Each structure stands twice: as C-alpha cells, then as structure tokens.
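Student: what would the 3D arrangement of this be:
(chains A and B)
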Protein chains: 2
Amino acid sequence: MTGKLNIVGVGPGHNDHMTFRAKEIIRESDIIIGYETYVNLVSDLIEGKTVYRYAMTQEVERAHQCIDLAKSGKIVSLVSSGDPGIYGMAGLIYETLAEGGWDPKDGLQVEVVPGVSALNSCASIVGSPLMSDFAVVSMSDLLVPWKVIENRVESAAKGDFVLVIYNPASKKRVHQLQDTRKILLKYRKPTTPVAIIVGAYRESESIVITDLENLPNHSDKLGMTSTVIVGNSSTYSYKDLMINPRGYKSKYNLEEQTNPDLKV
Amino acid sequence: MTGKLNIVGVGPGHNDHMTFRAKEIIRESDIIIGYETYVNLVSDLIEGKTVYRYAMTQEVERAHQCIDLAKSGKIVSLVSSGDPGIYGMAGLIYETLAEGGWDPKDGLQVEVVPGVSALNSCASIVGSPLMSDFAVVSMSDLLVPWKVIENRVESAAKGDFVLVIYNPASKKRVHQLQDTRKILLKYRKPTTPVAIIVGAYRESESIVITDLENLPNHSDKLGMTSTVIVGNSSTYSYKDLMINPRGYKSKYNLEEQTNPDLKV
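Tutor: You can find the predicted model right below:
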C-alpha cells in the first residue's frame, strides 16, 4: 500500500485565489485534516471524505497522525490557509519525518502545494508595497524569544526593508507591535505608510491605510486574521493605496532598461 | 465605455499552480500584454484575443500603453509569471496612474491578481526553508544602487533572517552573489544550507542543495530563472531538503501550544 501526504495551501480563503493543484489534490485525497477554519474554506471539495477538524493545538501530535495515516496507505491532505511553506505545517512534518529516518526516495511520498500567502494576497489589495526588498516577521513570541524578533525588526529597519508583519497582535499579546513601532520610528518618518489588512479576500475583509504615527489609533483592527505592511523610506500613500516605486522613474537612466535579467 | 486593467500573476509557469482567478480574468480579457515568455505560459487561454508580446524592455512605455488601452474601454490583462505585486509591474502601473491624477473611486478600475511567487514555489520544492522570519532581496542593481542592496544583505545577516535571493546573477552580473556570500559568511557557518532552484515547476526545473562554502561550485546554475535560498542559523539539510524548524521541538514548552494566535 502506498499512501501520500500532501501539505496543501488553499490561499487567502476565497476559492478564486486557490490554485488548480490545491483543488485537484484535495479532490484526490481520502482524508482531509486541518484546523476547523481552514477545512471550512474547502467544504465544497470534501464531501464523502474522512475529515478531521481540529482546534488550534497539539501540532506535534497532529504531524504524527498525518504521517501515520499516510503510511497506512491513505492519501492524506493537511490543509491550511495561505501557503503551508510560510510559517506553516511543512516544517513540522519534515522535522518529524527526518527524526524517524525517512528517506524521500523510497519512503513516504510528500508534496507541499504552495499557495497565495498573506504577503501576496494582502499586497495585492493595498497597492504595490512589495516592489522592493522586504522582510517578513511574525510577532508571535510563543516559539521564538521576543529578543530574537526585536533584533530582526531592528535589522529590517536598518536595512530599509519594507516590513510584512504576520500575527501582529492578539488579545493577550499587545506590546510586540507597539515595541516594533518604536524601533521603526528610530529609522523612519512618522508619515511612513502602514497598511492593516484584515481577512484579505474573505467576507470580513477590511483595510486601513495609515502611517507609523497614527498606527496606535487602529489597534481594534489587529487580531488573528490581520497582517500589517510597513513601507520603507521610498513608499508613499496615494488615495488609500501604498505605492512603492520600483525605481524606473528615479535617477537611473531609463535607457538602461534593456538589461534582460530584471524581473518585471 | 468602461475598460479595466488587470495585472495578473500566472504563478511559477505551470498551469497547475495558477489560481482560478488568474485563469478567469485572462479568459474575460480583450487584450493580453506581456513579455513573450510569460504570454507563452498561458497560450492555451488567449486564442482569439488581441495579444501584444514584448521583449524585456521599455517598461514605462508599456505601462502607458496598458493604461491607454484600458481607458479606451478594453479589458486588458498584463500578465507576468509569479506574483506581479512582488518586484513586478503593479508598482509601475500605480506610479503611472498616480502621476496622471487617477482616482480609484471613479477612474479606471485596476485589479492586481496575486499569484504563487518564486518565494512560494521554490520553498515548496526544497523542504521547509521559510518557517521562520525571512528577507527577500533582489541582486539586480540596475534600479537600486549596489550599496543599498549590500546594506540589506548585511542587515538580513545580522538579523538571522533566512534569505531569499531573486535575480541572483546573470552573465554580466556575477560579483553581487559573491559579495553576498562573503557578507553572510561573517555571520553564518560555512555549512549553512543553500538551495539553488532553477525554473521551479517548469520542464527545465533543477535543484541544487549545497552550503555557503560550496556555493561557488554551482555558478553554472545561476541565471534568469534561478532563485537562491540561504538558511539561517537554525536551518539544517536532510537528504536534499532544507528544513527550518519552527520551534515546536526546541526548549519552548510544547504544553504552551494552545495559544490561538499562532499561524500553523
């Protein structure tokens, strides 16, 4: 019996922005596993399948369960919103497999199906904030010490990176984004544009375009489904959009644009 | 007459990893514009449409052309590989519109369709390199001075970010990745895993998992369709995969995993 373990990103939470591969692989699966919210995002695809819905806990046990079910010969899809390769379950599955001496060549087959992650979906809604180099930081300090995260924020600020913030805050966790703002204000103007995107492409979608100075006025927008994007020194806001110029109209000579290795 | 301008990401270059929205919006369009390589990725969707195929040049003129065609009442899709919101055409279109005094509320309608970008697709193929905070840097110094890029690499290295490198090298442009490697080696071990991904999900796909020390041995893999991912201090390689532990199995107490604001 040959099973398979798929780790599937279903995108931001609207079927339109799911990939064909994600839909196909869910359809081909015997078993669907995931947090209830994520499983609900694909409820139209899972009729007749064995479905395990979970609350958000016991990730390590979950990884073992997925692997065991796949090893028993089933085709198992672990579904998650966004991209499971970005702060997702792909890491824990591979860690667990590696500890068990797994060999990808003759052991269990694993496929990670990439998806439109929060950074892609949120950026597409608020203009063009990710035209230049950017850093992605999760404010969740449950598994990473706050000192490490703080150092990353400081480094990203010094490097003039656009900053994409995952898990910006929760009811219990509020100082992290406040501290981040203070660090950023050492390097960036108070007028630096900031976007808060809640529930991108979901019915609950709401967008705020503000700036570093006024960010504290919008703390009611920060929660489980929020992403925050902070501009760099070049980003400007224009009629509820953030625009990050790519540089074509700056001092560099437009005549030189024939360089073929520029991704545009 | 009401036209519309769509800026559409078609993903890594294999139809399976395109989103439903990308396919739908291309089908609904009157006019398709893009670099020849990108237009060819969707050749099965564009029969009977007006198609403008371009070599890689004159981006500013192209932006004006797209806008003018859409303003004339056409539904225009500017297609690109990956996600047009990441180092893509979204920025230049918005910049050009803003300069012309565009008002999104009553002017031309614009939609950016996010896609599976190189960072998503490449990560999904080589294990789980993006489980913790990461920085994305383009080595192309045509529009950004090398000093700025170098400072970003140094900042990302200090912050222990996993580093995703777009446009790592071209025939003419080789010192940038060499310099980057030198900077990283000031902060990271020579055994730090590095993945070079060429043509993710295309027929030409090829993958090398190496390390910072041995990166120079694989310069033949660096080009237009290559992406490089460099691990941070926690990343390890396992049987041709890069694994970045999320922290569940580290010193943090697994019992505390009930925090609901952790994206997994």
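Student: now do the strands in the stretch 1-150 of chain A.
Tutor: A:4-9, A:31-35, A:50-54, A:75-80, A:109-113, A:127-128, A:134-138 (DSSP state E, counting those that start in this stretch).
Student: now, of these, which is deepest in the fold?
Tutor: Across the strands of the stretch 1-150 of chain A, the average number of neighbours (mean count of other Cβ atoms under 10 Å in any protein chain shown) peaks for strand A:127-128, which reaches a mean of 30. (Glycine included, C-beta is placed from N, CA and C.)
Student: how about residues contacting that strand?
Tutor: Residues from elsewhere that reach strand A:127-128, judged by Cβ atoms under 8 Å, 6 or more residues apart in numbering or on different chains: A:195, A:238, A:241-244, B:85, B:90-91, B:93-95, B:112.
Student: ok, now with 6 Å
Tutor: A:241-244, B:90-91, B:94 (Cβ atoms under 6 Å, 6 or more residues apart in numbering or on different chains).
Student: now swap in stretch A:90-105 and tell me
Tutor: Residues outside stretch A:90-105 that contact it (Cβ under 6 Å, 6+ apart) are A:7, A:59, A:63, A:84, A:112, B:127-128, B:131, B:238-239, B:243-246, B:248.
Student: taking those, tell me the two that lie furthest apart.
Tutor: A:Glu59 and B:Lys239 (22.8 Å; Cβ to Cβ).
Student: so for the two, which sits in the more crowded spot?
Tutor: It is A:Glu59, of A:Glu59 and B:Lys239, that has more neighbours when counted by other Cβ atoms under 10 Å in any protein chain shown, with 20 against 15.
Student: any idea how far that one lies from B:Gly247?
Tutor: For A:Glu59, the distance to B:Gly247 (Cβ to Cβ, to the nearest Å) stands at 10 Å.
Student: go on, A:Pro84?
Tutor: A:Pro84 sits 16 Å away from B:Gly247, taking Cβ to Cβ as the criterion.
Student: next: A:Arg173.
Tutor: A:Arg173 sits 16 Å away from B:Gly247, going by Cβ to Cβ.
Student: could you report the neighbour count for the residue lying closest to A:Thr37 once chain neighbours are set aside?
Tutor: Among residues not flanking A:Thr37 along the chain, A:Ser81 sits closest, at 7.4 Å (Cβ to Cβ, 6 or more residues apart in numbering or on different chains). Around A:Ser81 sit 25 other residues, with neighbours defined as other Cβ under 10 Å.
Student: chain center to the helix or strand hosting A:Thr227: distance?
Tutor: For A:Thr227, the host element (DSSP states H and E) is strand A:226-230. Centroid separation for strand A:226-230 versus its chain: 11 Å, with Cα atoms, centre = their mean, to the nearest Å.
Student: right, and the helix or strand after that strand?
Tutor: Later in the chain than strand A:226-230, the nearest helix or strand by DSSP H and E is strand A:236-238.
Student: which strands or helices does the lowest-mean-pLDDT helix or strand in chain A pack on?
Tutor: Ranking every helix and strand in chain A by mean pLDDT, DSSP states H and E puts helix A:36-41 at the bottom, with a mean of 86. Contact here means 3 or more Cβ pairs under 6 Å, 6 or more residues apart in numbering or on different chains; DSSP states H and E; on that basis helix A:36-41 packs against no helix or strand.
Student: possible to save the strands of the stretch 1-150 of chain A as JSON lines with distance to A:Ile209 and mean pLDDT?
Tutor: Converted to JSON lines, these look like this (distance: least, Cβ to Cβ, whole Å; pLDDT from 0 to 100):
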{"stretch": "strand A:4-9", "distance to A:Ile209": "27", "mean pLDDT": "98"}
{"stretch": "strand A:31-35", "distance to A:Ile209": "30", "mean pLDDT": "94"}
{"stretch": "strand A:50-54", "distance to A:Ile209": "35", "mean pLDDT": "92"}
{"stretch": "strand A:75-80", "distance to A:Ile209": "28", "mean pLDDT": "96"}
{"stretch": "strand A:109-113", "distance to A:Ile209": "32", "mean pLDDT": "98"}
{"stretch": "strand A:127-128", "distance to A:Ile209": "8", "mean pLDDT": "98"}
{"stretch": "strand A:134-138", "distance to A:Ile209": "17", "mean pLDDT": "98"}
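Student: I'd like those strands as TSV, with distance to A:Val208 appended.
Tutor: Shown next, in TSV, are the strands of the stretch 1-150 of chain A (distance: least, Cβ to Cβ, whole Å):
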stretch	distance to A:Val208
strand A:4-9	26
strand A:31-35	26
strand A:50-54	31
strand A:75-80	26
strand A:109-113	31
strand A:127-128	13
strand A:134-138	19
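Student: between those strands, which one is nearest to B:Asp16?
Tutor: Of the strands of the stretch 1-150 of chain A, the one closest to B:Asp16 (Cβ to Cβ) turns out to be strand A:109-113, at 9.0 Å.
Student: would you put the C-alpha positions of the closest one in PDB?
Tutor: Below are the C-alpha coordinates for strand A:109-113, written out as PDB (Å, rounded to 0.1, in the frame of the first residue of the first chain):
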ATOM      1  CA  GLN A 109       5.800  10.500  -0.700                       C
ATOM      2  CA  VAL A 110       5.300  14.100   0.500                       C
ATOM      3  CA  GLU A 111       4.100  17.100  -1.600                       C
ATOM      4  CA  VAL A 112       3.900  20.700  -0.500                       C
ATOM      5  CA  VAL A 113       1.400  22.600  -2.600                       C
END
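Student: what is the burial count for A:Leu222?
Tutor: Around A:Leu222 there are 23 other residues, counting by other Cβ under 10 Å.
Student: please disregard the earlier target; I meant A:Leu163.
Tutor: Per other Cβ under 10 Å, the neighbour tally for A:Leu163 reads 26.
Student: and for the one 10 residues further on?
Tutor: Neighbourhood size, A:Arg173 [other Cβ under 10 Å]: 17.
Student: swap in A:Glu213?
Tutor: Residues near A:Glu213, counting by other Cβ under 10 Å: 14.
Student: so what's A:Asp160 up against?
Tutor: A:232-233.
Student: can you classify it as helix, strand or coil?
Tutor: coil (DSSP: H, G, I helix; E, B strand; the rest coil).
Student: coming back round to it: neighbour count: A:Pro84 and B:Gly247, which is higher?
Tutor: A:Pro84 (33 against 19).
Student: quick check: the more buried one vs A:Val10, distance?
Tutor: 9 Å.
Student: and what of A:Thr19?
Tutor: A:Thr19 sits 9 Å away from A:Val10, going by Cβ to Cβ.
Student: all helices for the stretch 51-200 of chain A, in order.
Tutor: With helices called from DSSP state H, counting those that start in this stretch, the stretch 51-200 of chain A shows them at A:59-71, A:90-99, A:118-125, A:146-158, A:175-187.
Student: mean neighbour count, these: which tops it?
Tutor: helix A:118-125 (a mean of 28).
Student: anything in it near chain B?
Tutor: Yes: Helix A:118-125 is in contact with chain B by Cβ under 6 Å from any Cβ of the partner chain, via A:120-121, A:123-124.
Student: list the contacts of that helix.
Tutor: Residues contacting helix A:118-125 (Cβ under 6 Å, 6+ apart): A:12, A:82, A:129-130, A:164, A:197, A:200-201, A:227, B:83, B:85, B:112, B:114.
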